[in-house]
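Asks: Predicted model follows, preceded by the sequence.
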Amino acid sequence: MKKKKILLADDEEDIKLMTKIYLESRGYEVVTAFDGLDALSQAEIELPDLILLDVMMPVIDGFEVARRLKAGHNTAQIPVVMLSAASQSDIIKRGLEAGAQDYLVKPFDPHRLDALIQGILG
């Protein structure tokens, strides 16, 4: 069976590395992006099964990245989960309005992330 591919876009290297290692241990193929522009480019190239998208990133923030992904011909159907340390309801609402399927507040429990991914990817 082909591994599910996840694009992990986060500018915090330590969080990105730990999340990547965890997801790979769960059997996923993980591609990373370091800013919003890189996330858009990687999404087009890799066409992942799911995108984990940090809200606060350089160049283009996660909200705008999500909007562009959802407007893109090749990327509109890819589920997006926003990740952020910001837990205010208005920020979560902005993420969902931008096209995110779900929103996970950092720091997050890896098992919660895994359950969320399994719920989306089946």
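Replies: Everything's here; your move.

Asks: tell me which element the residue nearest to the spatial centre of the chain falls in.
Replies: The chain has Leu52 as the residue nearest its centroid, 1.1 Å off, counting by CA atoms, centre = their mean. Using DSSP states H and E, Leu52 maps to strand 50-54.

Asks: Let me see the mean pLDDT of that strand.
Replies: Here strand 50-54 scores 97 as its mean pLDDT.

Asks: who does it touch, helix- and strand-wise?
Replies: Packed against strand 50-54 by the contact rule (3 or more CB pairs under 8 Å, 6 or more residues apart in numbering; DSSP states H and E) you find strand 5-9, helix 36-46, helix 62-71, strand 80-84, helix 110-121. Any C-beta I mention is one placed from the backbone N, CA and C, and that applies to glycine too.

Asks: Just give the strands next to the fourth one in its sheet, each with its orientation.
Replies: Sheet pairing for strand 80-84, assigned by DSSP bridges, gives strand 50-54 (parallel), strand 102-105 (parallel).

Asks: re the thing from before, just so I know, which of the helices and strands packed on strand 50-54 lies nearest Ala98?
Replies: Counting by CB to CB, Ala98 lies closest to helix 62-71 out of the helices and strands packed on strand 50-54; the figure is 3.9 Å.

Asks: Now the closest one: average pLDDT?
Replies: For helix 62-71, mean pLDDT rounds to 97.

Asks: Can you name every helix or strand that that helix contacts?
Replies: helix 36-46, strand 50-54, strand 80-84, helix 89-97.

Asks: cutoff 6 Å now
Replies: Contact partners of helix 62-71 among helices and strands, from 3 or more CB pairs under 6 Å, 6 or more residues apart in numbering; DSSP states H and E: helix 36-46, strand 50-54.

Asks: what angle do it and strand 5-9 make?
Replies: On the basis of axes from the mean of the first three to the mean of the last three CA atoms, to 10 degrees, helix 62-71 is oriented at 150 degrees to strand 5-9.
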